[in-house]
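> 3D model of this:
(2 chains)
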There are 2 protein chains.
Amino acid sequence: MSTVPGLKINPDRLWKDLHYTCQWGTGERWGQEDHQTGMQRLALSDDDKKARDWFVSTAESLGCKVTVDSLGNTFAIRPGENDGPPTVAGSHLDTQPTGGRYDGILGVHAGIEMLKVLQDNNIRTRYPVGVVNWTNEEGARFPCSMIASGVWAGAYTLEHAHSLADVDASGGTMGSELERIGYLGKVPTSHKSMRLAAHFELHIEQGPILEKEERKIGIVTGAQAYEWNYIHLKGRESHSGTTALQYRRDPLLAAAQMIRDANQVAKEYGGLATTGILKLKPGSINTIPGEVLFSLDVRAGQDSTLEQMLHEIRKQFSHIASTNGLVDITWTQTTKSQAVQFQKEAISCVRQACDKLFGEKTDQWTMDMISGAGHDSVYTSRYTPTAMIFVPCKDGISHNSREYCKKEDCANGAQVLMHSVLAYDTQRK
Amino acid sequence: MSTVPGLKINPDRLWKDLHYTCQWGTGERWGQEDHQTGMQRLALSDDDKKARDWFVSTAESLGCKVTVDSLGNTFAIRPGENDGPPTVAGSHLDTQPTGGRYDGILGVHAGIEMLKVLQDNNIRTRYPVGVVNWTNEEGARFPCSMIASGVWAGAYTLEHAHSLADVDASGGTMGSELERIGYLGKVPTSHKSMRLAAHFELHIEQGPILEKEERKIGIVTGAQAYEWNYIHLKGRESHSGTTALQYRRDPLLAAAQMIRDANQVAKEYGGLATTGILKLKPGSINTIPGEVLFSLDVRAGQDSTLEQMLHEIRKQFSHIASTNGLVDITWTQTTKSQAVQFQKEAISCVRQACDKLFGEKTDQWTMDMISGAGHDSVYTSRYTPTAMIFVPCKDGISHNSREYCKKEDCANGAQVLMHSVLAYDTQRK
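Numbers count the residues shown, from 1 in each chain, chains lettered A, B, ... in the order given. Next up is the predicted model:
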C-alpha cells in the first residue's frame, strides 16, 4: 500500500490541463492558446465559475468527494485506507485583473495532477488526501486577500466576508456573487467543520531570487508580515487658475509627498511599501481635487520591523497632512498579517520530496526562503502543519500578463508537491 | 434714444432668475433652492439642454433673434437703430462636475437682466446688443476648455471640436451630443459668420484678491498664460510583496515625485502647477501599477515665464522617469493659451460704467486685475474689443459647491456689465 517510490507526475498532462482552464479568463479557444497570454479571472466571476465547474467535475471523475463551504472554498477529497482529516494540496484559481496563468492556478492543477497519478497507479493512501481551491485569494475583486482561508482560520467572521463589496462597485457582494454562481455551500467555513491534517502549497515565487540564484525549488519556511490600509485625505476643491499656491489645500499634492515618503521609509528599514490604488474627486484638469483615497501595502520580514515602519509612516503622513492644510486624514486597515513560521514536520516533508527528486544535488538545486507575498498557507498554518514550495518565474514578474513559469519548473514543483503530500500521509500518526 | 443715464438693473429679479435656472443641475425644485448648493451641469447634458431652452425662450420673449451655431454657441441679439455686428455680454451656462452657481452662469444671467431692463424702459440702442452662451467653456466634459469660442476665433477646427470624446467615456462626442440635445446649429462657428462689435464678460473672480483687498469690482485687463498636458508613464506591473524596491519600475512613485517637483517649480517662478486627474492601471492594492496617466495644468502671468517653467518641468520629469527605470514617458498637450491683453477701448467702457456706479469712490471700490483662469473672452479678444468684469466670491472658492457670490455683488457686476455694453454702443463709430 501507500506510496510507490518512483511515482512520477506527467509534465505534458499538467501543462495541457493548466492552459486548458486558462481559456476561462482569456477568451481563448483551446488549441489557440498562447502560454504567455495574461489572465483576468476575478473571484466569483462567470469565468471563475467555469474554472470551478471544471475543478469539481474533474475531481469527482477521479473518485473524490467534493465539499463546498459557505465561502465557496472547494475541498476535493480522495478516500484513504483510514478515515480522518485529509492531507491536502491547496491554492487558488482566481487571478488579478491583469494577472498571469501560474499564480495560484499552478498549485491547484499540480494537486489535480497528483490525483490523476494516484488514480493511474491505483494508489491507496493511508488517510484521505485531496486538493483545495480557496476563494478570492487575490483580494483583487473583494478587497481583502485570503479572506476565505482567513475565515476558515477564524481571522475574520463569515458575515464580514459575505458583505465585502466588489471594488468595481458592480453592486455585488461576496455573498451575493457566491449565490449567483452557485458556490454558496452549506458547510460552515471553519477549521472545525473542515479539518485538515496538513496543507502543502506549490506556487510560483513571484520574485527574482530563485532565477538569480539558479535554484529549481524554494523550500518556503514562512512568510513576511504585512498590513494594508486605505488613506483618505480631505482638502479643498478649488480652481487651478485662480487659487494661489499658498491658499491651496491640495490632497493630491499631499498624497504625492506621502507615497514618496513611504517609499523612503521602506528603503531605510529594508521593507516594502506600495500604492496600487489611487482615486480622486472630482477629477477635472483645472480643479484642485477635494479628496484623495489611496492604498498602502507595507511589508517586512519581522513583525517588529513592520510596526516601526508603520509608526514612522503615520507620523510623517500626519505632518504632511498638516503642512498641506488638509482638513482630514483617516486610515482604514483592511488586512493585517503577522510574520509566519511554517511547521517543521511539514517543511521536513518538502525536503524529503526534494531529496527524492534531486538526490545528492538537493543542496545545489534548492534553497530555503521566506515568502514575500501572503498566501492561503499563512492562514492554514494556524491550525494545521503547513509548508510551501516555490518554483522560479521568468524575471520574477507576477501580477502581470508576462508572468511565465517554464514547463520543466511546473513539473518539478508538482513532483515535489505530490511527494510532500505522500510523505506526510506516510509518516502521520 | 440711446442710453438713459439712471438705468438700473433689478437685483431681486437677477437673483431669482439665476437660482431658478440652477434647478437644472441640482435637481432642486424652484422654491426649495439653497443659494449655496453646488451644481453639476456638464456641457450638452440633459440639464444643460433645459438651461439652454430657458435662455432661448426668454431671449425671444424679450424681442431677440436667436442664432445657434455649429457648436451650439447661442447668440441672442436685440435689434438697434442701425444694422451691424452686436455688442454683446457673453459667458457660459455649463459647470464643473461639482461646481457652483455663479461661475459663468452669473455672466449669462446678467446679460438677460440687461435685456429685461432695456425692454422695460423701451430703450433702442444705436446698434444691436445681445447675450451669448458659449458651449463647453469648462472643458470638464469634453476635455478642452473654451473650445467653442476657440473655434469661433480660429484656434481649433470644427472637426476637432466635434470629435472630442466625453471624458467619462459614455461613448458620446461633442458632435453627437450637440445633435442629441438639438443644439447642432447650421451657422458656421466663426468670427466671420457671426461678427461681434465688442464682447464684455461678467464673472466671479474665482480667487481671494477682491475680498482681501475689500474691492467690489475688478477691471480685468488681460489673462495669464497657461498650458494643459497629459503625462503618460509606463512602468512594469508586478507583485507588491515579492518585488524588491531596487527591481521596481513604479510609474506611480515616479508620478508622485513629478507632481511634487512641478509644484516646486511653480513656487520658484511665482506661477501655478496643478494635477486634477490621475488614473492608473490595473488598480489593485497588491500590484505595483504598470501605467499612470495624469494631467498637468501650468500657468504664469507672462508667456516667457510659462515657457521657462515648462522647460524646467520637462527636464525634471525626464530625469525622474529615468531614475525610476520607467519604460516610457509621453506628453500630450491639450490646450495652450497665451497671455492676453484686452483692448483699451473696451476696458475704458468698463471704467466708465464703474464711474457711473461708484462716482468719486470708483478708485476705492475697484482695482485692475489679470485673470488667473481662462475665459471665452480670451478668444473673443482675438477678433473683437473685449474686457471682463470680476466680482468677489466668498473665500475665493470656485469649482466647488461652496462657491458663493453675494446678491449685492451680483447686482454690482450686472450694473457695470450693462453700462459697459451701453457705453460701447454709444461710442462706437
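
> any idea where the helices of chain A begin and end?
A:11-21, A:46-61, A:105-120, A:147-152, A:158-163, A:174-181, A:209-213, A:251-269, A:303-323, A:344-358, A:362-365, A:376-380, A:407-427 (DSSP state H).

> per-residue pLDDT, A:D34?
For A:D34, the pLDDT comes out at 63.

> Contact residues of the stretch 51-200 of chain A facing chain B?
The stretch 51-200 of chain A comes close to chain B at residues A:96-98, A:138-140, A:143, A:145, A:167, as judged by C-beta under 8 Å from any C-beta of the partner chain. Yep, even glycine has a C-beta here, placed from its N, CA and C like the rest.

> The same query, at a cut-off of 10 Å, please.
Residues of the stretch 51-200 of chain A lying close to chain B by C-beta under 10 Å from any C-beta of the partner chain are A:96-100, A:103, A:138-141, A:143-145, A:167-168.

> ok so, going back, worst mean pLDDT among the helices of chain A?
helix A:209-213 (a mean of 91).

> Please identify the buried residues of that one?
A:209-210 (16 or more other C-beta atoms under 10 Å in any protein chain shown).

> what residue of chain A is the furthest out?
No residue in chain A sits farther from the centre than A:T242, which is 47.6 Å out by C-alpha atoms, centre = their mean.

> okay, it: pLDDT?
86.

> Quick check: it touching B:Y226?
No. Counting by C-beta atoms under 10 Å, A:T242 stays clear of B:Y226, with 11.3 Å between them.

> Identify the contacts common to the two.
Residues touching both A:T242 and B:Y226 (C-beta atoms under 10 Å, 6 or more residues apart in numbering or on different chains): A:286, B:272, B:299, B:372-373.

> Check which residues of stretch A:139-158 are buried.
Within stretch A:139-158, judged by 16+ other C-beta under 10 Å, the buried ones are A:139-153, A:155-156, A:158.

> For that stretch, what is the distance to the chain centroid?
Averaging C-alpha positions (C-alpha atoms, centre = their mean, to the nearest Å) puts stretch A:139-158 11 Å from its chain's average.

> Alpha carbons only: can I get that stretch in CSV?
Listed next in CSV are the C-alpha coordinates belonging to stretch A:139-158 (Å, rounded to 0.1, in the frame of the first residue of the first chain):
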residue,chain,number,x,y,z
GLY,A,139,-8.4,40.1,-2.8
ALA,A,140,-8.5,41.9,-6.2
ARG,A,141,-12.3,41.8,-6.6
PHE,A,142,-13.3,41.7,-2.9
PRO,A,143,-10.7,43.8,-1.2
CYS,A,144,-9.3,41.5,1.4
SER,A,145,-6.8,39.0,0.3
MET,A,146,-7.0,35.4,1.5
ILE,A,147,-10.3,36.2,3.1
ALA,A,148,-11.8,32.7,2.7
SER,A,149,-8.9,30.9,4.2
GLY,A,150,-8.9,33.7,6.8
VAL,A,151,-12.4,32.9,7.8
TRP,A,152,-11.5,29.2,7.9
ALA,A,153,-8.8,30.1,10.4
GLY,A,154,-11.1,32.3,12.4
ALA,A,155,-9.3,35.6,11.5
TYR,A,156,-12.5,37.1,10.1
THR,A,157,-16.2,36.4,10.5
LEU,A,158,-18.3,34.9,7.8
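
> any idea how far A:S348 is from A:T221?
According to C-beta to C-beta, to the nearest Å, A:S348 and A:T221 sit 11 Å apart.

> for A:L293, same thing?
Distance, A:L293 to A:T221, using C-beta to C-beta: 36 Å.

> do A:V416 as well
The value you get for A:V416 to A:T221, if C-beta to C-beta is used, is 15 Å.

> and what of A:A161?
In terms of C-beta to C-beta, A:A161 sits 29 Å off from A:T221.

> which ones are touching the nearest residue to A:Q343 once chain neighbours are set aside?
Leaving out its chain neighbours, the residue that sits closest to A:Q343 by C-beta to C-beta, 6 or more residues apart in numbering or on different chains is A:P385, at 3.9 Å. Counting by C-beta under 10 Å, 6+ apart, A:P385 makes contact with A:87, A:196-200, A:342-349, A:424, A:428.

> can you tell me which of those residues lies nearest to chain B?
Of all the contacts of A:P385, the one with the least separation from chain B (C-beta to the nearest C-beta) is A:F342, at 16.5 Å.

> Would you confirm that the closest one contacts A:I389?
No. Assessed by C-beta under 10 Å, A:F342 is found out of contact with A:I389, at 11.1 Å.

> Are there residues contacting both of the two? Which ones?
In contact with both A:F342 and A:I389: A:219-220, A:350, using C-beta under 10 Å, 6+ apart.

> quick one: which of those residues is nearest A:D368?
Nearest to A:D368 among the shared contacts of A:F342 and A:I389, counting by C-beta to C-beta, is A:I219 at 5.2 Å.

> what separates the closest one from chain B, distance-wise?
A:I219 is 16 Å from chain B, where distance means C-beta to the nearest C-beta, to the nearest Å.

> give me the beta-bridge partners of that residue?
Counting by DSSP bridges, A:I219 is bridged to A:D368, A:I389.

> Contacts only, for it.
Counting by C-beta under 10 Å, 6+ apart, A:I219 touches A:342, A:347-348, A:350-351, A:353-354, A:362, A:366-369, A:387-390, A:416, A:420.

> circling back to that earlier point, A:V416 and A:T221: who's more crowded?
Higher neighbour count among A:V416 and A:T221: A:V416, with 31 against 19, using other C-beta atoms under 10 Å in any protein chain shown.

> quick one: contacts for the closest residue to that one other than its chain neighbours?
The spatially closest residue to A:V416, leaving aside those adjacent along the chain, is A:A353, at 4.4 Å (C-beta to C-beta, 6+ apart). By C-beta under 10 Å, 6+ apart, the residues touching A:A353 are A:200, A:217, A:219, A:362, A:387, A:389, A:415-424.

> give me that answer again for 6 Å
If you count contacts by C-beta atoms under 6 Å, 6 or more residues apart in numbering or on different chains, A:A353 has them with A:416, A:419-420, A:423.

> again with A:G241
So A:G241 contacts B:299, B:372-373 (C-beta under 6 Å, 6+ apart).

> My read is that the residue farthest from the centre of chain A contacts B:I209, right?
No. Look at A:T242 against B:I209 with C-beta atoms under 6 Å: they stay out of range, at 8.7 Å.

> what about A:D48, distance to A:T26?
A:D48 is 13 Å from A:T26, by C-beta to C-beta.

> Quick check on the two: which one has the bigger neighbour count.
A:D48 (26 against 19).

> just checking, the more buried one touches A:R41?
Yes. If you go by C-beta under 6 Å, A:D48 and A:R41 touch, sitting 5.4 Å apart.

> Show me how chain A divides into domains.
With domains defined by automatic domain parsing, chain A comprises A:11-224+A:339-427, A:225-337.

> What is the nearest of the contacts of A:A353 to chain B?
Closest to chain B, out of all of those and judged by C-beta to the nearest C-beta, is A:V416, at 19.6 Å.

> Of the helices of chain A, which is nearest A:P79?
For the helices of chain A, proximity to A:P79 was assessed by C-beta to C-beta; helix A:105-120 is nearest, at 11.0 Å.
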